[in-house]
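# with the input below, show me the fold.
(2 chains)
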Amino acid sequence: DAGVTQSPTHLIKTRGQQVTLRCSPKSGHDTVSWYQQALGQGPQFIFQYYEEEERQRGNFPDRFSGHQFPNYSSELNVNALLLGDSALYLCASSPHGGQGYTFGSGTRLTVV
Amino acid sequence: AQSVAQPEDQVNVAEGNPLTVKCTYSVSGNPYLFWYVQYPNRGLQFLLKYITGDNLVKGSYGFEAEFNKSQTSFHLKKPSALVSDSALYFCAVREDSWGKLQFGAGTQVVVTP
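The predicted structure is shown next:
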């Protein structure tokens, strides 16, 4: 049984560009959350998707947007990249009403 | 608003000795508490959680944690540390059954042979 799958694993982008990160949740999970983990820090909540809608959002600018598809997979989009967006982006999935999250291995984004 | 504090940036322990990683939290209602471990260049691995019930929670790899409501603490413990336990440990709290996780800054555990 596959866990949470994220792609790509590593990515290098230039300032001002746009990036899309992808996440496939664990089988049986329908809720997807995204977190940003800067170097040396704990993960910070970006947003959560359930039933293809953004259900909760953290303190991130509108440059960060997302989408959830009917098969529960999700995308994170970041526009107008800044150097400060360099981080490990983690996707976590959970069953609706469930109490546990399963995290993917993350996408390491470097903005140069 | 919910918050988590991990007062130690790093904990050093000799292999075979007890390991404790401290965590205190603040939430407006009943807390949902979690511990995760992260190895270099990897995602987060779930260790254990407290939702309700027994204050002593047993988790993966021999770890356990004690919920103390009066002290608002949820310290992670292992009776006998292994070198392979060297990693970054995160405590996290949630205010409800489905919302965002608020993470602490993390504690680096170094176990020496």
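# could you check how far the closest residue to B:Tyr32 other than its chain neighbours is from A:Pro25?
If the residues on either side of it in the chain are set aside, B:Tyr32 comes closest to B:Arg94, at 4.2 Å by Cβ to Cβ, 6 or more residues apart in numbering or on different chains. C-betas here are computed from N, CA, C, even on glycine. Distance, B:Arg94 to A:Pro25, by Cβ to Cβ, to the nearest Å: 18 Å.
# so what's the residue nearest to B:Tyr32 scoring on pLDDT?
Note for B:Arg94: predicted pLDDT of 90.
# how many other residues sit next to it?
21 (other Cβ atoms under 10 Å in any protein chain shown).
# contacting residues for it?
B:2, B:31-34, B:100-102 (Cβ atoms under 8 Å, 6 or more residues apart in numbering or on different chains).
# ok, now with 10 Å
A:99, A:101, B:2, B:25, B:27, B:31-34, B:49, B:51, B:100-102 (Cβ atoms under 10 Å, 6 or more residues apart in numbering or on different chains).
# where does pLDDT dip in chain A?
A:1-2, A:98-99 (pLDDT under 70).
# and the nearest residue to B:Asp96 once chain neighbours are set aside, how far is that from A:Gly97?
In this structure, B:Asp96 finds its nearest non-sequential neighbour in B:Tyr32, 7.3 Å apart by Cβ to Cβ, 6+ apart. Using Cβ to Cβ, one gets 12 Å for the distance from B:Tyr32 to A:Gly97.
# any idea what the nearest residue to A:Asp85 once chain neighbours are set aside is bridged to?
Once flanking residues are discounted, A:Asp85 sits nearest to A:Val111: 5.2 Å by Cβ to Cβ, 6+ apart. Beta-bridge pairing of A:Val111 under DSSP bridges involves A:Lys13.
# so what's the residue count around A:Val111?
19.
# just A:Val19 next, same as before
So A:Val19, with other Cβ under 10 Å, has 18 neighbours.
# ok, and the closest non-adjacent residue to B:Val11?
Here the residue nearest B:Val11, using Cβ to Cβ, 6+ apart, is B:Val109, at 5.1 Å.
# now do the contacts for the one you found.
B:8, B:10-13, B:19-21, B:37, B:76, B:78, B:81, B:85-89.
# mind pulling up the pLDDT for it?
Taking B:Val109 on its own, its pLDDT is 98.
# quick one, phi/psi of A:Asp85?
Taking degrees, to the nearest 10, you get phi -80, psi -10 for the backbone angles of A:Asp85.
# count the residues that sit near it.
Residues near A:Asp85, counting by other Cβ under 10 Å, number 21.
# gap between B:Lys100 and A:Arg55?
Taking Cβ to Cβ, one finds B:Lys100 at 10 Å from A:Arg55.
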